[in-house]
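Participant: show me how the following folds:
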Amino acid sequence: MTAGVLDFSGIGNWRWYSTNGTQRVSYVAKNAYDPPTATLGRESSYGRRVDVLLRLLELTVKSPQVQPDAFARALEWVINLPEALPNPFVAIGDDGSISTEWDAGGNSLHVTFEGDTEEVYFFSPTGEEWESSLDAVDKLSSAMRTIALATSARR
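Facilitator: Below is the predicted model:
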């Protein structure tokens, strides 16, 4: 079993991050692989997501309006995405929100982090469309499966 670590302890020195001298931020990824008895959906994809995490970090450094809470939540979200899900497109909005997006086979899944909240939007070519939060686990799992299957069908 392997583990990976991202250390953003220097984040308090970045011009847009206000810690008031009270906080040190470090993010530790989960094990790269769960025990062999784990289901596919529980396997961590940390090693696969490094490019996305670096891109998110690069965008954040270039965007003074980024929301620190949104950044922290987006990092955690990306690190814990299921292995079968392709890497998302990431972007920072004019308001400092952070978006992770997948568009595959006519299906769209968008998760936007704004401050300490998030909004999830899904649309499929069959007409299924909904908006929710990350708490809608069953809907979100189904949407992720749909995106993963649409992506694997294109290969």
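
Participant: give the buried residues for the longest helix that the chain contains.
Facilitator: Taking DSSP state H as the criterion, the chain has its longest helix at helix 137-154. For helix 137-154, the buried set under the neighbour-count rule, 16 or more other C-beta atoms under 10 Å, comprises Leu140, Ala143, Met144, Thr146, Ile147, Ala148, Ala150, Thr151. C-beta: built from backbone N, CA, C; applies to glycine.

Participant: give me the distance between Ile92 and Glu114.
Facilitator: 11 Å (C-beta to C-beta, to the nearest Å).

Participant: any idea how far Ala72 is from Gly96?
Facilitator: Per C-beta to C-beta, Ala72 is found 13 Å from Gly96.

Participant: I should have written Pro88 there, sorry.
Facilitator: Separation of Pro88 from Gly96 (C-beta to C-beta): 18 Å.

Participant: for these two, indicate the residue with more neighbours.
Facilitator: Neighbours were counted for Pro88 and for Gly96 using other C-beta atoms under 10 Å; Pro88 has more, 23 against 20.

Participant: more neighbours, Ile92 and Glu114?
Facilitator: Ile92 (20 against 17).

Participant: check contacts around that one.
Facilitator: By C-beta atoms under 8 Å, 6 or more residues apart in numbering, the contact set of Ile92 is Leu59, Thr60, Ser63, Gln65, Val66, Ile98, Ser99.

Participant: so which strand or helix has the last one?
Facilitator: Think Ser99. strand 98-104 (DSSP states H and E).

Participant: who's in contact with that strand?
Facilitator: Residues outside strand 98-104 that contact it (C-beta under 8 Å, 6+ apart): 56, 60, 66-67, 70-71, 73-74, 77-78, 85-86, 88-93, 108-113, 147, 150-151, 154.
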